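Asks: Below: sequence and its predicted model.
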Amino acid sequence: MTQQVLAEKAGVSFQQIQKYEKGSNRMGASRLVGIAEILNVPVNALFQDIDLAGAAATSPPLDRDAAKVARDWRAIRDDRTRNVMRDVIRALSGKN
């Protein structure tokens, strides 16, 4: 199946499928299940050749404050506001 066909069936752009494949963008659980259904494979088949133990080790759990910020972030619907906030966070963290 081509990326284009998969994208159409999943309701996303083929560029988004490319980003999922490269690991540039993360995929939510519901999208993952949907893609597995489209491909007619079990979800765990999408994790073949992936070091899940190593992946978990590189993503430490969020502390309480970070979890609150993440919840608040999801509540922001306006893309311009998100971009401004992202710039503020980068500036304050010194990671420009």
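Replies: That came through, no problem.
Asks: and the longest helix for the chain?
Replies: Ranked by residue count, the top helix of the chain under DSSP state H comes out as helix 79-93.
Asks: From residue 84, how far out is the residue nearest to the spatial centre of the chain?
Replies: By C-alpha atoms, centre = their mean, the chain has its centre lying nearest to residue 26, at 1.8 Å. Distance, residue 26 to residue 84, using C-beta to C-beta, to the nearest Å: 23 Å. Bear in mind the C-beta positions are built from the backbone N, C-alpha and C, glycine included.
Asks: where does the chain dip in pLDDT?
Replies: For the chain, the stretches flagged by pLDDT under 70 are 50-62, 96.
Asks: Which parts of it are helices?
Replies: Using DSSP H, the helices of the chain run over 3-10, 14-22, 29-39, 52-58, 64-75, 79-93.
Asks: would you list the ones you listed in JSON lines and tack on distance to residue 46 and mean neighbour count?
Replies: Shown next, in JSON lines, are those (distance: least, C-beta to C-beta, whole Å; neighbours: other C-beta atoms under 10 Å):
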{"stretch": "helix 3-10", "distance to residue 46": "12", "mean neighbour count": "15"}
{"stretch": "helix 14-22", "distance to residue 46": "10", "mean neighbour count": "15"}
{"stretch": "helix 29-39", "distance to residue 46": "6", "mean neighbour count": "14"}
{"stretch": "helix 52-58", "distance to residue 46": "12", "mean neighbour count": "9"}
{"stretch": "helix 64-75", "distance to residue 46": "24", "mean neighbour count": "10"}
{"stretch": "helix 79-93", "distance to residue 46": "29", "mean neighbour count": "10"}
